[in-house]
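Enquirer: coords please:
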Amino acid sequence: MVLRAELRYRPDRIRRPDHLNSLEEVDTLIDELLEGPANENLAQIIHLDRERIKPRIPGYEFIETEIPDHDFQVGADKELQVGVLLFIDRSGNFVTAGPPESRNAPEYYLAGHWTKFPDQTEISIDLARAAVKEFLASGGQRPTCVSWKNQYPDD
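Expert: Numbers count the residues shown, from 1 in each chain. You can find the predicted model right below:
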């Protein structure tokens, strides 16, 4: 299976992303997140088979600018051997629903930029791997092998 996805997680690859071209490369990515620097343990994956949209922000006009219609992120914690997922598209902002015993407010870093996740969002690293593979194989749909919850529960 040939995949088309952009990958960003290191500071030198924000403007010029790496690519994921096969499901086998997911294991390499997760291993790199686990073994890499603590401030590079979260990756953004953009599926290139999904639609691109024109941004709509009141008061601004975007000329010939299109952005992905989704955001998918995977984090991996080396010490706890757990992961976290974020999925955003027109249907909403979702994070993985971890078990009650998982940490409160875990922190992950995408190319050195801090992200604080809601409480109880971490899942096993094996389940995170499977969800990333499902995301890629499905053409960029929200994985069904994990449970999700609203990123902003009060909304």
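
Enquirer: skipping adjacent residues, who's closest to residue 82 in space?
Expert: Closest residue to residue 82 in three dimensions, ignoring its sequence neighbours and counting by C-beta to C-beta, 6 or more residues apart in numbering: residue 122, at 4.2 Å. (Glycine included, C-beta is placed from N, CA and C.)

Enquirer: you'd agree the one you found is up against residue 100?
Expert: No. Look at residue 122 against residue 100 with C-beta atoms under 8 Å: they stay out of range, at 11.4 Å.

Enquirer: of those two, who's got more company?
Expert: residue 122 (27 against 6; other C-beta atoms under 10 Å).

Enquirer: ok, that one - contacts?
Expert: Counting by C-beta atoms under 8 Å, 6 or more residues apart in numbering, residue 122 makes contact with 77, 80, 82-84, 96, 98, 102-103, 106.

Enquirer: let me know the helix or strand that residue 136 is in.
Expert: Residue 136 belongs to helix 125-137 when assigned by DSSP states H and E.

Enquirer: packing partners for that helix?
Expert: Applying 3 or more C-beta pairs under 8 Å, 6 or more residues apart in numbering; DSSP states H and E, one finds that helix 125-137 contacts helix 24-35, strand 42-47, strand 71-77, strand 82-89.

Enquirer: let's see it at 10 Å
Expert: strand 5-8, strand 18-20, helix 24-35, strand 42-47, strand 71-77, strand 82-89, strand 92-96, strand 123-124 (3 or more C-beta pairs under 10 Å, 6 or more residues apart in numbering; DSSP states H and E).
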